[in-house]
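In: build the 3D model from these lines:
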Amino acid sequence: MFGWLKTITWDKIIGTYDIDPKRARGKKGRYKADDKSTKDINEAWVGGKAPKKKKKKTKKKKSRR
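Out: Numbers count the residues shown, from 1 in each chain. Okay, the predicted model is just below:
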């Protein structure tokens, strides 16, 4: 019920923000690539961390008789 109030006040107090992951862009507006030499930082995403991949739902095949 008061989730919006928590996001307005509490996150500002703590200093953490739940931002949607966005791809990083260069000067020309193109997507940046990840530098493989830095293992702990992902330059392709704003904030340095890539979002977790979602699991795909699999459909069960109907058996024909």
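
In: tally of neighbours for D34?
Out: For D34, the neighbour count with other Cβ atoms under 10 Å is 13. For the C-beta atoms, the positions are set from N, CA and C on the backbone; glycine is no exception.

In: for it, which three-state class applies?
Out: When classified by DSSP: H, G, I helix; E, B strand; the rest coil, D34 comes out as coil.

In: quick check: pLDDT value at the closest residue in space to it that isn't next to it in sequence.
Out: Once flanking residues are discounted, D34 sits nearest to A44: 4.2 Å by Cβ to Cβ, 6 or more residues apart in numbering. As predicted, A44 sits at a pLDDT of 89.

In: what stretches of this protein score poorly on pLDDT?
Out: Scanning the chain for pLDDT under 70 picks out the ranges 1-2, 4-19, 65.

In: re the thing from before, was I right about the residue nearest to D34 contacting A50?
Out: Yes: with contact defined as Cβ atoms under 8 Å, A44 counts as touching A50 (7.0 Å).

In: which SSE is D40 in?
Out: Using DSSP states H and E, D40 is not contained in any helix or strand.

In: how many neighbours does K57 have?
Out: Counted with other Cβ under 10 Å, K57 comes out at 5.

In: which SS class is it?
Out: coil.

In: then R64?
Out: Applying three-state DSSP: R64 is coil.

In: next one: it from T58, what distance?
Out: Remark: distance between R64 and T58 (Cβ to Cβ, to the nearest Å) = 19 Å.

In: please apply the same query to A33.
Out: 31 Å.

In: the two: who's more crowded?
Out: A33 (10 against 6).
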